[in-house]
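Participant: below is the sequence, then the predicted model.
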Amino acid sequence: MQPFSRIEVILDNITRITADAIVNAANSSLLGGGGVDGAIHRAGGPAILEECRRIVARQGGCETGTAVITTAGKLKAKYVIHTVGPVWNGGTHNERKLLADCYTNSLLLASEFKCKSIAFPNISTGVYRFPKPEAAAIAITTISNYLQHHDDISRVILVCFAEEDFNIVNKAFADAARP
Ligand code: APR
């Protein structure tokens with residue numbers, strides 16, 4: 001199936017979404033934070049943090065652009081994939097590549113764990129201040145490129161939390177999907 005027909009953009013709270021994997025915009029400590037990180041830990045419960053702590057004990061933290069996978073605790077998902085987005089620092093510190101890596105590495109873990117559906121927040125566009133239009137374009141390009149070569153994932157949901165983000169991501173999606 002065409003990549004773009006497997007991507008959808010919605011306005012919602014990601015902790016309410018039913019998908020095999022929910023992606024968290026974490027920080028390198030993996031020990032929780034504010035924003036979507038705080039929301040996922042609050043809604044998913046302590047089992048998620050306990051598993052994050054075990055990962056940190058084993059491998060140290062999570063490097064920017066990489067991803068780890070844990071239980072989803074009480075969420076309507078099988079897994080939470082924690083990925084660490086780049087902090088925007090003017091665009092001269094490899095931020096674009098690192099953001100694309102977040103999406104690719106999260107999708108690779110989803111495929112490895114046989115997920116058919118995965119929901120993403122707008123990684124790095126909150127506290128990490130990545131410009132929203134460009135982050136949306138990177139997300140959609142990276143996800144569609146991945147789906148071009150992986151038909152195991154049938155649904156990718158881009159979950160926007162605010163109307164402004166929903167409009168930005170929808171426009172980026174329309175621009176990218178235009179033949
Ligand atoms: N559902 C979906 N999206 C959400 C939710 C939610 N419940 N809460 C926030 N968001 C959106 C924000 O509106 C933003 O568009 O997630 C996007 C990412 O924002 P942040 O959560 O601030 O994440 P990020 O910019 O990647 O910064 C990560 O923030 O919370 C800390 O521990 C986290 O240090 C890390 C940093």
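Facilitator: Ah, there it is. In this text the structure is predicted, and so the values were computed from the model without any measurement. Numbering: from 1, shown residues only.

Participant: and the gap between Asn170 and Ile10?
Facilitator: To Ile10, Asn170 is 10 Å away according to Cβ to Cβ, to the nearest Å. Glycine gets a C-beta too; all of them are placed from N, C-alpha and C.

Participant: check Ser154 too.
Facilitator: For Ser154, the distance to Ile10 - Cβ to Cβ - is 16 Å.

Participant: cool, Cys52 as well?
Facilitator: Taking Cβ to Cβ, one finds Cys52 at 26 Å from Ile10.

Participant: neighbour count winner among the two?
Facilitator: With neighbours defined as other Cβ atoms under 10 Å, Cys52 and Ile10 compare such that Cys52 has more, 24 against 14.

Participant: now the more buried one: closest residue in space that isn't a chain neighbour?
Facilitator: Excluding the flanking residues, the one nearest Cys52 by Cβ to Cβ, 6 or more residues apart in numbering is Leu30, at 4.2 Å.

Participant: with His41 instead?
Facilitator: Using Cβ to Cβ, 6+ apart, the closest residue to His41 is Gly32 (4.7 Å).

Participant: now do the helices in the chain.
Facilitator: For the chain, applying DSSP state H gives helices covering 35-44, 46-59, 95-112, 132-149, 163-177.

Participant: report the buried residues of the third one.
Facilitator: By neighbour count on 16 or more other Cβ atoms under 10 Å, the buried set for helix 95-112 is 95-96, 98-107, 109-110.

Participant: kindly report the same for the second one.
Facilitator: For helix 46-59, burial by neighbour count (16+ other Cβ under 10 Å) applies to Ile48, Leu49, Glu51, Cys52, Ile55, Val56.

Participant: helices and strands around it, which ones?
Facilitator: If you count contacts as 3 or more Cβ pairs under 8 Å, 6 or more residues apart in numbering; DSSP states H and E, helix 46-59 packs onto helix 35-44, strand 67-71.

Participant: what does the fourth one give?
Facilitator: Packed against helix 132-149 by the contact rule (3+ Cβ pairs under 8 Å, 6+ apart) you find strand 7-11, helix 95-112, strand 155-160, helix 163-177.

Participant: check the gap between Tyr146 and Ser106 for me.
Facilitator: 10 Å.

Participant: ok, which residues in this structure are in contact with the ligand?
Facilitator: 13-15, 25-27, 33-39, 85, 121-128, 159, 161-162, 165 (Cβ under 6 Å from any ligand atom).

Participant: now Tyr79, which residues is it bridged with?
Facilitator: Ala21, Thr71 (DSSP bridges).

Participant: neighbours of it, how many?
Facilitator: 21.
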